[in-house]
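Visitor: need a structure here:
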Amino acid sequence: MNSLAAQIKQQAHAPGFELAGIAPATDADGFAHLEDWLAQGFAGEMDYMTRHAEARRHPESILPKVRSVVMVGINYKSQESGVRGQGSGIRGRVSCYAGGLDYHDVLRDKLKALLAWIQEQAPETRGRAVIDTAPLLERDFARRAGLGWFGKNTMLLHKKLGSYFFLGALLLDLKLPVDEPFEASHCGTCTRCLDACPTEAFIGPYQLDARRCISYLTIELRGAIDEALRPMMDDWIFGCDVCQDVCPWNRKAPNGQEDALQPDVTGLQLDLLELMRLSEEDFRVRFRDTPIWRTKRTGLLRNAAIALGNSGDPRAIPMLERALGDAEPIIREAAQWAIERIEGRQHSPVESSCK
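Guide: Residues are numbered from 1 along each chain as shown. Down below sits the predicted model:
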């Protein structure tokens, strides 16, 4: 089996995975931390985290008789990462991971190809491909498989790839030799990620209050966003990369090579006025196969309206006034807030900055 384990890790590179390791299928190391995190209410309205909490204790909840977890990683970093909107339009920023096609589909196809190869070598093997839609604490098993360490911003870090990579897993009922877990931490005394968070979402190192995180606010939260947090969101309309952009380990990380994950489909800077014109059908056509589909039209236009308000640009007012007639009350409320914020800046001698 030593030979097969080595072959699996080598074969993982064929569909484009840069990282591969094997972890034992036992209780997740961070399950107690998850329970404490949920008990403190840091998950906000992500009720699915609580409903499926117990299932995250052990991967056998996903695949009975699982014995090994093959963890893989694929780089999605773009040369556009960390770049602010440019040009004459009023633009909003999209997190680096969301500029291409839906990564779930991309990784699922690659994992299934790897599983098919494994089953050719060991025909009786049963397996399950997992991205982040099944109840698996992927980062725990990735660290256990030797792929990296936990950064203080709670993300997995790798010396060469930084944190701009997706994780995928193959659960197998095949017993394989496992890799040495990554025991060291290479963050030292650095707290740049914690200090840079615009909404102060980090309670401390390794502890995120999702209710204040811009990614949560722009993607997971379905209702109105707390008005106190809106100015801090700046021009982010889907996700946020601030704590990654400032990380020294991302400074020299290479760009990803998988075209489907690069920002050629959606892009990382979207015209906010154009977004405010989107009908339900327009939204469906443009974003159906991208990560932005998750937030739905209502969430995206709510976010765009808030970003327009934060821009302080009076050119946005006519489009925001049009949005006051939208069928969705959440969009109408955000548009009204944005108009008042822009008008308030016009009449204020001192403009506050949220950057």
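
Visitor: so what's residue 157 up against?
Guide: Listed by CB atoms under 8 Å, 6 or more residues apart in numbering, the contact set of residue 157 reads 148-151, 163, 186-187, 247, 249. The way it works is simple: take the backbone N, C-alpha and C, and place the C-beta from them, glycine included.

Visitor: kindly indicate which of those lies nearest residue 256.
Guide: Nearest to residue 256 among those, counting by CB to CB, is residue 163 at 12.6 Å.

Visitor: how about low-confidence regions in this protein?
Guide: Scanning the chain with the threshold set as pLDDT under 70 gives 1, 81-88, 346-355.

Visitor: wait, isn't residue 179 in contact with residue 146?
Guide: Yes. The pair residue 179 / residue 146 is scored as a contact, 4.1 Å apart, by CB atoms under 8 Å.

Visitor: please enumerate the shared neighbours of those two.
Guide: With CB under 8 Å, 6+ apart, residue 179 and residue 146 have common neighbours residue 21.

Visitor: ok, residue 105 - how many residues close by?
Guide: Other residues lying near residue 105 total 13 when counted by other CB atoms under 10 Å.

Visitor: need the three-state assignment for residue 166.
Guide: At residue 166 the chain is in strand, as set by DSSP: H, G, I helix; E, B strand; the rest coil.

Visitor: ok, now the one 10 residues further on?
Guide: The three-state label for residue 176, taken from three-state DSSP, comes out as coil.

Visitor: so how far is residue 228 from it?
Guide: 50 Å (CB to CB, to the nearest Å).

Visitor: what do you get for residue 256?
Guide: The value you get for residue 256 to residue 228, if CB to CB is used, is 36 Å.

Visitor: quick check on the contacts of residue 157: which are buried?
Guide: Buried members of the contacts of residue 157, counted by 16 or more other CB atoms under 10 Å: 148-151, 163, 187, 247, 249.

Visitor: chain center to whichever strand or helix holds residue 319: distance?
Guide: Using DSSP states H and E, the element containing residue 319 is helix 317-323. When distances are taken as CA atoms, centre = their mean, to the nearest Å, helix 317-323 is centred 30 Å away from the chain's centroid.

Visitor: can you spell out which helices and strands pack onto the helix or strand that that helix is followed by?
Guide: Next helix or strand after helix 317-323 toward the C-terminus (DSSP H and E): helix 329-347. Applying 3 or more CB pairs under 8 Å, 6 or more residues apart in numbering; DSSP states H and E, we find helix 329-347 packed against helix 296-311, helix 317-323.

Visitor: for these, give me a markdown table that also has distance to residue 45 and mean neighbour count.
Guide: As requested, the helices and strands packed on helix 329-347 are arranged in a markdown table below (distance: least, CB to CB, whole Å; neighbours: other CB atoms under 10 Å):
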| stretch | distance to residue 45 | mean neighbour count |
| --- | --- | --- |
| helix 296-311 | 12 | 26 |
| helix 317-323 | 24 | 17 |
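
Visitor: can you list these in CSV and add distance to residue 121?
Guide: Formatted as CSV, these follow (distance: least, CB to CB, whole Å):
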stretch, distance to residue 121
helix 296-311, 42
helix 317-323, 57
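
Visitor: between these, which one is closest to residue 27.
Guide: helix 296-311 (35.1 Å).

Visitor: got the angle for that closest one vs helix 329-347?
Guide: With axes from the mean of the first three to the mean of the last three CA atoms, to 10 degrees defining the directions, helix 296-311 sits at 10 degrees from helix 329-347.

Visitor: just list what helix 296-311 packs against, helices and strands only.
Guide: Applying 3+ CB pairs under 8 Å, 6+ apart, one finds that helix 296-311 contacts strand 91-94, strand 236-238, helix 272-276, helix 280-287, helix 317-323, helix 329-347.

Visitor: residue 71: what's it in contact with?
Guide: 19-23, 138, 141-142, 144-145, 147, 167-169.

Visitor: so which of residue 256 and residue 228 has more stuff around it?
Guide: Using other CB under 10 Å, the more surrounded residue of residue 256 and residue 228 is residue 256, with 24 against 9.

Visitor: between the helices and strands packed on helix 329-347, which one is nearest to residue 284?
Guide: helix 296-311 (8.1 Å).

Visitor: could you give the angle of that closest one to helix 280-287?
Guide: Orientation check (the same axes, to 10 degrees): helix 296-311 against helix 280-287 gives 90 degrees.

Visitor: now residue 100. Nearest residue, chain neighbours left out?
Guide: residue 261 (4.5 Å; CB to CB, 6 or more residues apart in numbering).

Visitor: try residue 144
Guide: residue 23 (3.9 Å).

Visitor: relative to residue 33, how far out is the one you found?
Guide: 17 Å.

Visitor: look at these two and report which has more neighbours.
Guide: Legend: neighbour count by other CB under 10 Å for residue 23 and residue 33, higher for residue 23 (24 against 15).

Visitor: regarding that one, what is its secondary structure?
Guide: Three-state assignment for residue 23 (three-state DSSP): strand.

Visitor: from residue 115, how far off is it?
Guide: 16 Å.

Visitor: then residue 52?
Guide: From residue 52 to residue 115 the distance is 23 Å (CB to CB).

Visitor: the two: which is more packed in?
Guide: Counting neighbours by other CB under 10 Å for residue 52 and for residue 115 shows that residue 115 has the greater number, 19 against 12.

Visitor: helix or strand: which one has the more buried one?
Guide: Going by DSSP H and E, residue 115 is part of helix 103-121.

Visitor: next, the buried residues of that helix.
Guide: For helix 103-121, by 16+ other CB under 10 Å, it's 103, 106-108, 110-111, 114-115, 118.

Visitor: I am finished for the moment; much appreciated.
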